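Participant: let's see this in three dimensions:
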Amino acid sequence: MKPFPFLDAAPPGVDVHVERLMLSGLDLDAGARRRMGDAFTAELTTLLAAGPDNASRPRSLVIRHLRLALPAAAPSADPRLLGRQIAQALFRRLSQ
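Facilitator: Numbers count the residues shown, from 1 in each chain. Okay, here's the model as predicted:
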């Protein structure tokens, strides 16, 4: 008998690490950056959890640099909305 049989039934996890997120033309203070980052993380987590099953995802993927097209954002745009839009753009690109 295996010591942890429940592990066989568990779907493989997804580990995402974003080293740096560079946004040209936006000057956000520390609080706004934190809100944007939190919204980005929450939205990407939601999208990955609701996306296609893990069997169709690559086992390993390293992207050194990725340029995304984002909707035009006013400098005063809500950082949470911006974080969600960035996560959606990243997810669309990774799903291609």
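Participant: what is the top helix by length along the chain packed up against?
Facilitator: For the chain, the helix that runs over the most residues, judged by DSSP state H, is helix 30-50. Under the contact criterion of 3 or more CB pairs under 8 Å, 6 or more residues apart in numbering; DSSP states H and E, helix 30-50 touches helix 79-94. Any C-beta I mention is one placed from the backbone N, CA and C, and that applies to glycine too.
Participant: buried residues in the helix it packs on?
Facilitator: By neighbour count with 16 or more other CB atoms under 10 Å, helix 79-94 contains the buried residues 79-80, 82-88, 90-91, 94.
Participant: and of those residues, the nearest to residue 25?
Facilitator: residue 82 (11.7 Å; CB to CB).
Participant: just checking, the closest one touches residue 38?
Facilitator: No - the criterion here is CB atoms under 8 Å, and residue 82 misses it with residue 38 at 11.6 Å.
Participant: where in this structure is pLDDT low?
Facilitator: For the chain, residues meeting the criterion pLDDT under 70 lie at 1-14, 51-61, 69-76.
Participant: change it to 50
Facilitator: Counting by pLDDT under 50, the low-confidence segments of the chain come to 1-11.
Participant: how close does residue 67 get to residue 89?
Facilitator: Separation of residue 67 from residue 89 (CB to CB, to the nearest Å) stands at 10 Å.
Participant: before we move on, back to that, got the angle between the longest helix of the chain and helix 79-94?
Facilitator: For helix 30-50 against helix 79-94, the angle by axes from the mean of the first three to the mean of the last three CA atoms, to 10 degrees is 40 degrees.
Participant: how about helix 30-50: buried residues?
Facilitator: By neighbour count with 16+ other CB under 10 Å, helix 30-50 contains the buried residues 32, 35-37, 39-40, 43-44, 47-48.
Participant: which of the buried residues of helix 79-94 sits closest to residue 26?
Facilitator: Of the buried residues of helix 79-94, the one sitting nearest to residue 26 (CB to CB) turns out to be residue 82, at 7.7 Å.
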